[in-house]
Structure formats: C-alpha cells, structure tokens
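J.: attaching a predicted model along with its sequence, questions to come.
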Amino acid sequence: MDILQFISANIQMIYVIILSIFVGVEVIGKVPAVLHTPLMSGANAIHGVVIIGAIIVMLNTSTDNIIALILGFLAVILGTINVVGGFVVTDRMLEMFKKKK
C-alpha cells in the first residue's frame, strides 16, 4: 500500500518522467549514425555533472541511510565508466581523421 500512496502523491512527477522517456527515445531515434559519437561526447559532460551531483548527495546523506549511499555510489561508478568509455570512443573516432604517416 505504501507504493500506491507514493504513486498517488507523486503522479505529476511520474508523468513528467514517462513523457521525458518518450521524448528522449524519439530524439535519439532520429539521430543519424554519423552524429552519434559527437553527441555522445557531449553526453560525457552531462555524466560529469551526474558524478559531481552524486558525490554531493553522498556527502550530505546521513550514515544510517544505506540506500541513498548505495545509490550514490552506483551513480558515481556508472557515471565514471560512461565518461571514460565515451572519451575512449571519441579518441578512437578522432584518430580516424588524422593523416597517416
């Protein structure tokens, strides 16, 4: 019953999240493959913000709130993996445009 109360109390936020998912899928679905890697480079900057935000949330969370600490830790780890992987892919893409010796 707690879940139903949570849903009814936050129904507008849930609608916004669902609509943003649909809009995101439509926008990304229309991106040509040629532009995918440069756009992902921009997404790396967004994930850098996610990492900083997760660290700030973890610093302001009490030590007895284990769920928030675990979620913050996962956000830092997954955001870092995404940023590093994105920079590796971007570097590989830029190597294709260098002149060969």
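T.: Ah, there it is. Numbering: from 1, shown residues only.
J.: and stretch 71-85, what's its mean pLDDT?
T.: Average pLDDT, stretch 71-85: 88.
J.: which of the residues in it are buried?
T.: 72, 75-76, 79, 82-83 (16 or more other Cβ atoms under 10 Å). Placement of C-beta: from N, CA and C, glycine included.
J.: go through those residues and flag which are in strands.
T.: Within the buried residues of stretch 71-85, no residue falls in strands by DSSP state E.
J.: just send the residues you listed back as a markdown table, with distance to G48 too.
T.: A markdown table is the format used below for these (distance: Cβ to Cβ, whole Å):
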| residue | distance to G48 |
| --- | --- |
| G72 | 15 |
| A75 | 12 |
| V76 | 11 |
| G79 | 8 |
| N82 | 10 |
| V83 | 6 |
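J.: and which of those residues is nearest I17?
T.: Nearest to I17 among those is A75, at 16.5 Å by Cβ to Cβ.
J.: residue contacts, that closest one?
T.: Contacts for A75 (Cβ atoms under 8 Å, 6 or more residues apart in numbering) come out as 50-51, 53-54.
J.: now the strands for the chain?
T.: Under DSSP E, the chain gives no strands.
J.: any weak-confidence spans in it?
T.: 33-42 (pLDDT under 70).
J.: just the buried members of the contacts of A75?
T.: Among the contacts of A75, the ones that count as buried by 16+ other Cβ under 10 Å are 50-51, 54.
J.: okay, domains of this protein per the record?
T.: 1-30, 34-101 (automatic domain parsing).
J.: okay, the ones you listed, which one's buried deepest?
T.: domain 34-101 (a mean of 12; mean count of other Cβ atoms under 10 Å).
J.: show me the buried ones among the contacts of A75 that map onto helices.
T.: 50-51, 54 (DSSP state H).
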